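Q: Dropping a prediction and its sequence here:
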Amino acid sequence: MKNTLEDDHYCFVCGEQNPHGLHLTFCIHNGKVITEFIPQKIHQGYKGIVHGGIISTLLDEAMVKASLMQGMPAVTAEITVRFKNPLMAGEKAIVEAEIIKISKKVIEASAIVKKADNTVIAEGHAKLLRQD
């Protein structure tokens, strides 16, 4: 049974109505979904270092958006994240995601969070369950 996915604009990452959300906007270019984020002190784990859960959230959202913005609503079934370098509060992060495989029920996607100088912060891979 598939869920009915409804947007009430309160998504933690992109919802413009969520007063505690990140308010990110995504665009799609050549099949890649892209957004930018400048984390603040409130997003840290250890002093000055952005919490891994926030970075994982960015990867997850970007991969789902890559599917959604190409007309395939989906939810995350499985996600793996590999952290490479720390992201500091106040540093701009660029998030990119793309679909790598599509089947009848599952979409595989990959994503990356990197700094402006292309230093990789984290990489993600997900299996998304199609909801269309």
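A: Right, received. Where do you want to start? This structure is a prediction, so every number in the text was calculated from the model and none was measured.
Q: what distance separates the lowest-mean-pLDDT helix or strand in the chain from the centre of its chain?
A: Within the chain, confidence by mean pLDDT, DSSP states H and E is lowest for strand 27-29 among all helices and strands, at a mean of 95. Taking C-alpha atoms, centre = their mean, to the nearest Å, the mean C-alpha location of strand 27-29 is offset from the chain mean by 13 Å.
Q: again with stretch 113-121
A: Distance of stretch 113-121 from its chain centroid, counting by C-alpha atoms, centre = their mean, is 15 Å.
Q: Show me what that stretch is in contact with.
A: Contacts with stretch 113-121, where a contact means C-beta atoms under 8 Å, 6 or more residues apart in numbering, come from 55, 58-59, 83-87, 91-96, 112, 122-124. Yep, even glycine has a C-beta here, placed from its N, CA and C like the rest.
Q: sorry, back to before: the least confident helix or strand of the chain pairs with which strands, and in what direction?
A: strand 32-37 (antiparallel) (DSSP bridges).
Q: Just the angle for the following helix or strand past the strand it pairs with relative to strand 32-37, thanks.
A: Once strand 32-37 ends, the next helix or strand along the chain (criterion: DSSP states H and E) is helix 52-68. Angle, helix 52-68 to strand 32-37, by axes from the mean of the first three to the mean of the last three C-alpha atoms, to 10 degrees: 150 degrees.
Q: Tell me the buried residues in helix 52-68?
A: Residues 54-68 are the ones in helix 52-68 that count as buried (16 or more other C-beta atoms under 10 Å).
Q: and that helix, how far from the chain's centre?
A: On C-alpha atoms, centre = their mean, the centre of helix 52-68 falls 2 Å from that of its chain.
Q: And for stretch 105-114?
A: Distance of stretch 105-114 from the chain centroid (C-alpha atoms, centre = their mean) equals 9 Å.
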